[in-house]
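Need coordinates for the below:
(one chain, ligands or ions: 1)
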Amino acid sequence: MSDTAIEVSGLTHHYGRRTLYRDLEFRVPRGKVVALLGKNGVGKTTLIRLLMGFQRPAGGHCRVLGEDSHALSPATRARIGLLFEGHLAYDFMTIEQIERFYRPFYPNWRHERYYDLVDRMQLPRDHRIANMSCGQRSQVVLGLIFAQDPELMILDDYSMGLDAGYRRLFLDYLARYLDAGERTVFLTSHVVQDMEELVDEVIFLQRGGELLQMPLADFRRDFRCFALTPGEQPPPPTDRLIRNLDLHGRQPRLYSFAERDRIAARLAEQWPGARLGEVLPMTLEDAFIGLTGKY
Ligand SMILES: Nc1ncnc2c1ncn2[C@@H]1O[C@H](COP(=O)(O)OP(=O)(O)OP(=O)(O)O)[C@@H](O)[C@H]1O
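Okay, the predicted model is just below:
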């Protein structure tokens, strides 16, 4: 068995004349939790559509559990738990009917996991999905995915509509699911703080398709925020050394993966008068915004 759950190579995609990515490369190792993070509109959902074969890319390849995305067999699809926008197509069914409908497709079906989650909503089992709130529908889909006990979970914005308590509950379930071993999770989320204890690796997708993949622990260790005294001239452009400058707040900040000396040398050369101050503490969300910018 390959040690790769998802492999993306040379992936290029565009809508009309707008290129989302060009020659995107990354892999999701088996047994890891990998988060795809990026601002609104960078192409996270599109990437999941391409991975599941719902759309064909303009160029390049995606492979999931060893098969080409555009030719995923039903047997391989049954090993993938997918949470996807609009995924719950049969909303005329009730809580009970949808569980009975899904069950035969999945060999490892664990119906008690489904009911353990959905019964917490305290809705009668003959309640129709069409008459549920957005968060309640998400709870049904997550219940179906946990019942499936899949080898690979692909979760697009899993927290959509979930209240804080249910989000925590979901994370507990996910941790338990991962304890069974050899399970892979590829997820997107806008709730960056939830990633801290859950995720092994992060993939940052930037506008224009730049991609940065690294272990979360390396990102937390190496990506730093320095207090900054700006120079008098306009700042130098950001690049691989100076990843981002935030000059709008009361405390100007510079974000970088580099050591202080290298940044200071660059500032002396390109931004006279600018000085680096202390390293400021960051939450994961601060670091994410520091890397990707506020808007
Ligand atoms: N079918 C389509 N036709 C044209 N443009 C599209 C289509 N689907 C998505 N787009 C555009 O492609 C870009 C990426 O969309 P996508 O939904 O993949 O982003 P995302 O990263 O998932 O965003 P969000 O974080 O807001 O969910 C957006 O600018 C969107 O408007």
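
Quick check: the gap between Asp261 and Leu152.
As judged by CB to CB, to the nearest Å, Asp261 and Leu152 stand 43 Å apart. Every residue, glycine included, has its C-beta placed from N, CA and C.

Neighbours of Phe288, how many?
As a burial measure, Phe288 scores 21 neighbours (other CB atoms under 10 Å).

Quick check: chain neighbours aside, which residue is closest to it?
Val192 (4.7 Å; CB to CB, 6 or more residues apart in numbering).

Spit out the contact partners of Val202.
For Val202, the contacting residues are 34-35, 37, 195, 213-216, 219, by CB atoms under 8 Å, 6 or more residues apart in numbering.

Just checking the distance from stretch 7-21 to the centre of its chain.
Mean C-alpha position of stretch 7-21 versus that of the full chain (CA atoms, centre = their mean, to the nearest Å) differs by 18 Å.

Could you give me the buried positions within stretch 264-272?
Residues of stretch 264-272 classed as buried by neighbour count (16 or more other CB atoms under 10 Å): 266-267, 271.

that older thread, Asp261 and Leu152 - which one has more neighbours?
Shown here are Asp261 and Leu152; by other CB under 10 Å, Leu152 has more neighbours (19 against 9).

For the nearest residue to Asp286 once chain neighbours are set aside, which three-state class applies?
Leaving aside its sequence neighbours, Asp286 sits nearest to Cys225 (CB to CB, 6+ apart; 6.9 Å). Here Cys225 is recorded as strand under DSSP: H, G, I helix; E, B strand; the rest coil.

Could you double-check that Cys225 lies in contact with Gly277?
No - look at Cys225 against Gly277 with CB atoms under 8 Å: they stay out of range, at 10.4 Å.

Pretty sure Thr238 sits in a strand.
No - with three-state DSSP as the criterion, Thr238 is located in coil rather than a strand.

wait, what's in contact with the residue lying closest to it once chain neighbours are set aside?
Leaving out its chain neighbours, the residue that sits closest to Thr238 by CB to CB, 6+ apart is Asn244, at 5.7 Å. When contacts are counted by CB under 8 Å, 6+ apart, Asn244 touches 238, 254-255, 290-291, 293.

roughly how far apart are Asn244 and Glu182?
Applying CB to CB, the value for Asn244 to Glu182 is 37 Å.

Now stretch 224-242: buried residues?
Using 16+ other CB under 10 Å as the test for burial, stretch 224-242 gives 224-226, 228, 230-231, 235-236, 242.

Spell out which residues make up each domain of this protein.
As recorded under the TED database, the domains making up the chain are 31-42+74-213, 223-292.

Next, the distance between the ends of the longest one.
By that I understand domain 31-42+74-213. 16 Å (CA to CA, to the nearest Å).

Also the last one?
Distance between the boundary residues of domain 223-292 (CA to CA) amounts to 12 Å.

Same question for stretch 90-106.
End-to-end distance for stretch 90-106, by CA to CA: 17 Å.

Repeat that for stretch 156-171.
15 Å.

cool, stretch 175-189 as well?
Criterion CA to CA; first-to-last residue distance in stretch 175-189 is 16 Å.

can you tell me if it touches the ligand.
No - judged by CB under 6 Å from any ligand atom, stretch 175-189 makes no contact with the ligand; its nearest approach is 6.8 Å.

Check the burial of Thr292 by counting its neighbours.
Thr292 is flanked by 20 other residues according to other CB under 10 Å.

quick one, phi/psi of it?
phi -100, psi -10 (degrees, to the nearest 10).

so it sits right up against Gln206, yeah?
Yes - counting by CB under 8 Å, Gln206 is a contact partner of Thr292 at 6.4 Å.

so what's in contact with the two at the same time?
Gly38.

Around the ligand, which positions in the stretch 1-150 of the chain sit nearby?
Residues of the stretch 1-150 of the chain lying near the ligand (CB under 6 Å from any ligand atom): 15, 20, 38, 40-46.

which regions of the chain sit below the pLDDT cut-off?
1, 85-87, 295 (pLDDT under 70).

Report the beta-bridge partners for the most centrally placed residue in it.
Centroid-nearest residue in the chain, with CA atoms, centre = their mean: Thr188, separated by 2.1 Å. Residues in a beta bridge with Thr188, per DSSP bridges, are Leu36, Asp156.

Which among the contacts of Asn244 count as buried?
The neighbour-count test (16+ other CB under 10 Å) marks 254-255, 290-291 as buried among the contacts of Asn244.

If we only consider these, which is nearest to the ligand?
Leu291 (15.5 Å; CB to the nearest ligand atom).
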